[in-house]
Structures are given as structure tokens and as C-alpha cells.
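>>> My questions are about this predicted structure, shown below with the sequence.
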Amino acid sequence: MTFNSNQEPRLFIHGHSCCEIRFRDSALLCDPWLIGSSYWRSWWNFPPQSCLNSLIEEWSQLNSFFVYVTHLHWDHFHGPTLKRIAEKCHNVHFLLPLTPEQRLCKDLRSVVKKRPVTELIHGRSYQLADWLRVLSFQSGPFFADSALYMDVDGIDILNVNDSKLGSLAVNNLLGRIGRPKFVLRSHSSANYRACRRKLDGTGYSTQPDKSKEVYSSEFHEFCSKVGASYAIPFASNMAYLHKDTFKYNEGINSSDMTVSYCQDKYPNSKTIPLLLLPGESVSLGSCVVSKSEHNRLLLEKDRIEVLQAYALSKATCLEQQYLEESSATLNRRHVEQYFTKVISACPVFLKWYLNNHIYFQIKSDSSSCFCRIDFMARKVHFFEETPTYRPRDVCFVVHPYVLNDICLHRHFNSLGVSKRLEILVSESNSRDVVFNYLCNTWESEGALSMRVFFGMRFWAVWLRRWPEILDMIAIFARLSFTTLLNSTRIR
């Protein structure tokens, strides 16, 4: 991947959500997850990621080397990879968005230790090199995600990854950056919708998640809306290899499927879909792609057979995980402490709505027990008997190994993404969504923390994000009406 300084700047894809811009003697890397797995061995890079050791050898020789982390999810904020880079690359400078909450910055500093960390103010341009200007643009009400705009020697690139921008926020962003030449954006599921089941444990009769076609259409619609010349499917280059989540590979909308769909569905579009796999790069001026023949061949084979072989190649690692999980027992103290703090942070109107309707079944191959979170009584109850669920109830079915880790490290935000769960819930009941957002907001040290809520940082950031506030007001009004309507139906 080396090239001399006389060549034009290049965009490299190294992994699922990891890209790099390199030119002359400097580079900018985004969201490096380049070793191992993520989410309790559920997520793996696919096609396999670039070799981290060889990349570190190149990065460590650069005059300047920047690493930007978009948000807190482990497939973007991958602690082991970030730690390795911080240890081996003495020239590295870490960047991240200056979010209303401070969890992201605190976690990053705990990993990279004494390496320099700079928080980028929302919507402000920063000149990192004579050829590189960047702008961080946040989104998300409960803990911030971010997109990164890069002006690379006059070529505009927008890395949206899996951040979600409302209409007014998009218009505000375009007013600052203009129309980008390249847009990188996700194109597949990264949520738990496919994990929802009926209260009796059976699957839904209707589609629980959006179809692959819808994900591809949304990908093209966004890239076309912002006026991109080239749309690169990105931040969805992964596979599920854990035995409990392997079944969800059937629902992945891969990057090659997305490109094929867009080519067939929008043949006359001015936005051209561009397939760029891990291990590949593109010259930003000429748009010539350097391909990985090995990874391209993988995509031509039966996908499930390829992933079964992939899982077999990781058998030692996976079997070790299964062994650790088989010996795990529920740590009731950690679970009770976590959810008691969530209850304490919960606003009164949400306590009334959630009431005593949130259950957990902590289930492994050898054991099963339950807990109920009672918001009105401010208690976490543990019991052994299977409850009789009411129409408003929700039950999260989670392995004790996973729940212990979540409660110890405050990472409920990773549970739904991992798909290491099932959720038993009536189709018109939204309490699982509300509870998920509640936990995410509390553990990110966001608006539910009075110290954060009344701090200058919180309001200074949100005042710069005012178009998103208007987007959220419109969304909240629609959701409130839908929730009220569904509650009436359940009665």
C-alpha cells in the first residue's frame, strides 16, 4: 500500500468502518477496528480487514498521523486497535467530536493514555495539513454519532458512516461543505429489530426489519440527495460468526449487493455506486480503484459457505469464548447496581410509562432466571419462575456473560447492535425502544445527568446543532402520536 509523495491522494478501506486518507507524508484514519472481533465475538470484519502490523509500520514513519473516532460503538471505537496504535505510533494525534456528553472523550483518553487528543467543535473547520481540512458534524439525541467531512487537496469527501442526519441537519451540513465528490455511508442493519419476537417467543408474522432493498434505496437516496459523484457502501463490511448470531448473516445487505442494486435500480443516476472493499483503495483524482482479487473472489462464492469456512478459521478463538460463557453466572450485584442507577436517572413521566413492564430473562445453555425492573417501586426483583407476560410487558433475553459485562462497563448501547439478545414484545409496544434509549442516555453521561445538563459544554454544543433540534421535535411529535395510538389499541 505504500506509494511515493508525487502520487495523488488516495482513499483506503481497511475494514468494516475504517478508512484512511493518505497524501505526501501525512494520513488521516477513521474508526480503526483492525484486529479480532467486536461485541462479544459476534461481529467480525468481512471481507477480512487489512493487516494492522504492516499498516502500523507505515503510519509510524509518517510526519503526521491523525486518528478520528466517530462515536462510542465498539465497531468504531475499538479499544484493542486504538491501544495498539497509541503504543506503536508515537506520531499519532487522536481526534473526536466535542459531544454534549463527555463519555466518549473519557473512554478514549483511558485507552490512548498520554497521546494527544483533540475534540473537534461541531461544524467548525480544522486545517490538519496544507492539503487536508476537516469538519466534524454530529447527530443523535441520546449519545452523539458524527460524520466527518474531508477536503483533500480540493477533493471533497464525506464519511457519514452509520450516523443518521435529519433533513434540516443535512441542509445545514451542505451549506457548510458544498456537494462532496465521494460519500461513504452504511447500508445494512446495525440494530436489534430482527431480534424482536412475539411475547410467546415466536417470530413476527410481518417483517421485523427493513429489507435489503430498502437499505440499498436509503443508501442511494442519501448519497444522491447530497449530490455525491461517487457513493461508496461503507461501515457495513462485517459478518456474524458467533453461534448465537450466525443466523443473522442471512439479513446482511452486503456492499456488493448494494452496488448491484443501485446499478440496476438507478442506471441513469448522476451518483455512481463504487465498490471498495477492505484491502482496496481509490485514487481521488482519477478514481482508479486498486482491487483486492482475493476479497473480490470471496464475494463470488456462496456467502454462507464462505462464512462457515471463516468461522472455522476462527474456531480456536470462538471455542474459547464459548468456554468462558459456559462458566458464567449472573452477577446480581452488578446488575442490580446498574439498573438501580438507571431507575434513579429516569424522568417521572418515563417511570410511569415503563412502570413494572421491563423484564430480563438471563439465559444460558444450563440455567435461566428472571429479573423485573420496577420503576415505580424503584426496585430490581430477581426470581426463578417464568412470568406470565401482559400485553405491555417487554422481556430482554440475554446471556449472563453478556449482561454481566454490560452492567460492569456501562455498555447497554452495545447490546442491540451485537444482536446477542432476543426481545419478547407485542408488535405495537414501544417500551423496548424507550428503555434502550433511557439506558443509552444514562450511561453516556448525557442529558439525564444534571451536572452535564446544566453545564456550559452541553448547551454550547447543542446550540451549534440547532437544525437537528428542529428535526428531533418533528420526529418526537410523530412518535408521541404513534405511541399514544398504540397504547390505546393495547387497552
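Nice, I can see it.
>>> which residues touch the spatially closest residue to Q263 that is not a sequence neighbour?
In space, and not counting its chain neighbours, Q263 is closest to P273: 6.1 Å by Cβ to Cβ, 6 or more residues apart in numbering. (C-beta placed from N, C-alpha, C; glycine too.) Listed by Cβ atoms under 8 Å, 6 or more residues apart in numbering, the contact set of P273 reads H220, Y230, A231, I232, P233, T258, V259, C262, Q263.
>>> Any of those residues buried? List them.
Neighbour counting with 16 or more other Cβ atoms under 10 Å marks H220, Y230, A231, I232, P233, T258, V259, C262 as buried within those.
>>> The spatially most central residue of the chain: what secondary structure?
With distances taken as Cα atoms, centre = their mean, H73 lies nearest the centre of the chain, 4.9 Å away. Secondary structure assignment for H73 (DSSP: H, G, I helix; E, B strand; the rest coil): coil.
>>> Check what pLDDT it gets.
In this prediction, H73 carries a pLDDT score of 96.
>>> Now it. Nearest residue, chain neighbours left out?
Closest to H73 by Cβ to Cβ, 6+ apart is V417, at 5.9 Å.
>>> what's the helix or strand containing that neighbour packed up against?
For V417, the host element (DSSP states H and E) is helix 415-418. With contacts taken as 3 or more Cβ pairs under 8 Å, 6 or more residues apart in numbering; DSSP states H and E, helix 415-418 sits against helix 400-409.
>>> Give me the buried positions along the helix it packs on.
Neighbour count says helix 400-409 has P400, Y401, V402, L403, N404, D405, I406, C407 buried, by 16+ other Cβ under 10 Å.
>>> What of stretch 193-205?
R193, A194, C195, R196, R197, L199.
>>> what does it rub up against?
Outside stretch 193-205, the residues touching it (Cβ under 8 Å, 6+ apart) are 208-210, 248, 251, 389, 391, 393, 395, 416, 419, 421-427, 432.
>>> is it possible to export the contacts of P273 to CSV including pLDDT and secondary structure?
Rendered in CSV, the data for the contacts of P273 read as follows (pLDDT from 0 to 100; DSSP: H, G, I helix; E, B strand; the rest coil):
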residue, pLDDT, secondary structure
H220, 98, helix
Y230, 98, strand
A231, 98, strand
I232, 98, strand
P233, 98, strand
T258, 98, helix
V259, 98, helix
C262, 98, helix
Q263, 97, helix
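>>> Let me know how buried R176 is, in neighbour terms.
For R176, the neighbour count with other Cβ atoms under 10 Å is 12.
>>> cool, and T388?
7.
>>> Show me the shaky parts of the stretch 101-250 of the chain.
For the stretch 101-250 of the chain, applying pLDDT under 70 flags the ranges 205-206.
>>> can you give me the helices for it?
For the stretch 101-250 of the chain, applying DSSP state H, counting those that start in this stretch gives helices covering 103-112, 167-177, 212-225.
>>> mind saving the C-alpha coords of the shortest one as PDB?
These are the backbone C-alpha positions of helix 103-112, laid out as PDB (Å, rounded to 0.1, in the frame of the first residue of the first chain):
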ATOM      1  CA  ARG A 103     -18.200   9.700  28.000                       C
ATOM      2  CA  LEU A 104     -16.500   9.400  24.500                       C
ATOM      3  CA  CYS A 105     -13.600  11.600  25.500                       C
ATOM      4  CA  LYS A 106     -13.100   9.900  28.900                       C
ATOM      5  CA  ASP A 107     -13.100   6.400  27.300                       C
ATOM      6  CA  LEU A 108     -10.600   7.400  24.600                       C
ATOM      7  CA  ARG A 109      -8.200   9.100  27.000                       C
ATOM      8  CA  SER A 110      -8.300   6.000  29.200                       C
ATOM      9  CA  VAL A 111      -7.200   3.800  26.200                       C
ATOM     10  CA  VAL A 112      -4.600   6.100  24.500                       C
END
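>>> Can you tell me what sits against stretch 449-468?
Counting by Cβ under 8 Å, 6+ apart, 98-102, 121-123, 138-139, 141, 165-166, 168-169, 171-172, 345, 442, 445-447, 469 sit against stretch 449-468.
>>> of those, buried ones?
Buried members of the contacts of stretch 449-468, counted by 16+ other Cβ under 10 Å: 98-102, 122-123, 138-139, 141, 165-166, 168-169, 172, 345, 442, 445-447.
>>> For E422, see how far away the closest residue in space to S136 that isn't next to it in sequence is.
Distances taken as Cβ to Cβ, 6+ apart put L120 closest to S136, at 3.9 Å, once the chain neighbours are dropped. According to Cβ to Cβ, to the nearest Å, L120 stands 38 Å off from E422.
>>> go on, V434?
In terms of Cβ to Cβ, V434 sits 18 Å off from E422.
>>> and if you look at R41?
18 Å.
>>> next helix or strand past the helix holding V417?
Beyond helix 415-418 toward the C-terminal end (DSSP H and E), the next one is strand 421-425.
>>> In the next helix or strand after that following strand, which residues are buried?
As assigned by DSSP H and E, the chain's next helix or strand after strand 421-425 is helix 431-443. For helix 431-443, the neighbour count (16+ other Cβ under 10 Å) marks R431, D432, V433, V434, F435, N436, L438, C439, N440, T441, W442, E443 as buried.
>>> Which strands and helices lie in contact with helix 431-443?
Judged by 3+ Cβ pairs under 8 Å, 6+ apart, helix 431-443 is in contact with helix 332-345, helix 348-354, strand 394-398, strand 421-425.
>>> Mind checking which of the buried ones among the contacts of stretch 449-468 are in strands?
Q138, S139 (DSSP state E).
>>> that older thread, pretty sure the residue nearest to H73 sits against N191.
Yes: using Cβ atoms under 8 Å, V417 is in contact with N191, at 6.9 Å.
>>> ok, those two, which is more surrounded?
V417 (20 against 14).
>>> any idea of the pLDDT on that one?
V417 is given a pLDDT of 96.
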